[in-house]
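Q: Sequence and computational prediction follow.
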Amino acid sequence: MVYYNSEIYLFAAENARLLENNKIKLLFSVILFLLVGCGTPDQIHLRGNIPIKNPFYIDVYNMRTGIKVMSDTICSNNINYEVGILPKGIYQLTVSWDRDILKAQEIERFARQPELGTPKYYMSTTFWLDANESDNYKLLLDSTYQQAELEELLLAKNRGESIKMAVVSDGKNNKVYNEYLALVDQYRTENRHLNDSLQQVAMHYNDLKLFEGSERLSALLAKDWLPNIKTALLREEINFMKDNIDSEVISHIYHIQVNTKEDFEQYREVYNLFPLSVKQNFTVWNKSN
């Protein structure tokens, strides 16, 4: 009788152990589902419409590493592409397609260097991507264009800059980054217009044989940014970064902008606002603080 009771006790204990193990397995499965199944989507989708009849090429680069993370040929102007899962950060997207028209300054270069391949029309933009914020990204142009209009603008000197392309999502950080791009573009447009005006003045100086003034303006125009516009942009850029310092985007912008000791000094106000955990990622210049 004692032996029989022992068997019952052992059977009950074994059942209790199995039940407890099943509970642990179930709990682990739920946690795994929440972390993997719900936390990150299986794919990031890129959608949009580019008014190009011939096949065009899309390339995506990680701006922090410089590595090309995606490259494909698109045969329809309606883009519905699965990018896959990429680390969050700032990426550059380029759209290009073959052209059979050469600029005057390109004819000799392509004749001497056939390895350069086919010349291309080229548009690009940068954007913030984070799969945890959004798995849907849309490629937009600032206006409705025909292919011939796009090609005419891209061939003309500086007029291609008037074409605005953006990659947007409903993610908060993506919106912050696009606000930053709009700020920079505002000053870039102002810089271009002032540059055009100064070129007209330089030509007028030449006509009047005022060569000293013409040379002084030419030296000024040789730089990408006019000094006063660049100074104003830098101030606005720093203010924007300080106002949005809690956004993950800002440390990524800082990483792209700060490449020298001089850059570090210019953006020191921003650096000082980062928490220590973020500062530790900037190993090159944080010793200067």
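A: Done, it's in.

Q: Does residue 147 touch residue 51 like I think?
A: Yes - assessed by C-beta atoms under 8 Å, residue 147 is found in contact with residue 51 at 5.4 Å. Yep, even glycine has a C-beta here, placed from its N, CA and C like the rest.

Q: Same drill for those two, tell me which one is more crowded.
A: Neighbour comparison, residue 147 and residue 51: the larger count goes to residue 147, with 16 against 13 (by other C-beta atoms under 10 Å).

Q: do you know how far that one is from residue 109?
A: For residue 147, the distance to residue 109 equals 25 Å [C-beta to C-beta, to the nearest Å].

Q: Next, the buried residues of the longest helix seen in the chain.
A: As assigned by DSSP state H, the longest helix anywhere in the chain is helix 172-207. For helix 172-207, a neighbour-count test (16 or more other C-beta atoms under 10 Å) marks 173-178, 180-181, 187-188, 191-192, 195, 202, 205 as buried.

Q: how distant is that helix from the center of its chain?
A: Put simply, helix 172-207 sits 20 Å off its chain's centre (C-alpha atoms, centre = their mean, to the nearest Å).

Q: helices or strands up against it?
A: The contact analysis (3 or more C-beta pairs under 8 Å, 6 or more residues apart in numbering; DSSP states H and E) places helix 172-207 against strand 120-129, strand 165-168, helix 211-221, helix 227-243, helix 248-257.

Q: how does it look with 6 Å?
A: On a contact count with 3 or more C-beta pairs under 6 Å, 6 or more residues apart in numbering; DSSP states H and E, helix 172-207 meets strand 120-129, helix 211-221, helix 227-243, helix 248-257.

Q: between these, which one is nearest to residue 168?
A: Distance to residue 168, taken as C-beta to C-beta, is lowest for strand 120-129 among the helices and strands packed on helix 172-207, at 7.6 Å.

Q: Can you list the buried residues in the closest one?
A: 121, 123, 125, 126, 127, 128, 129.
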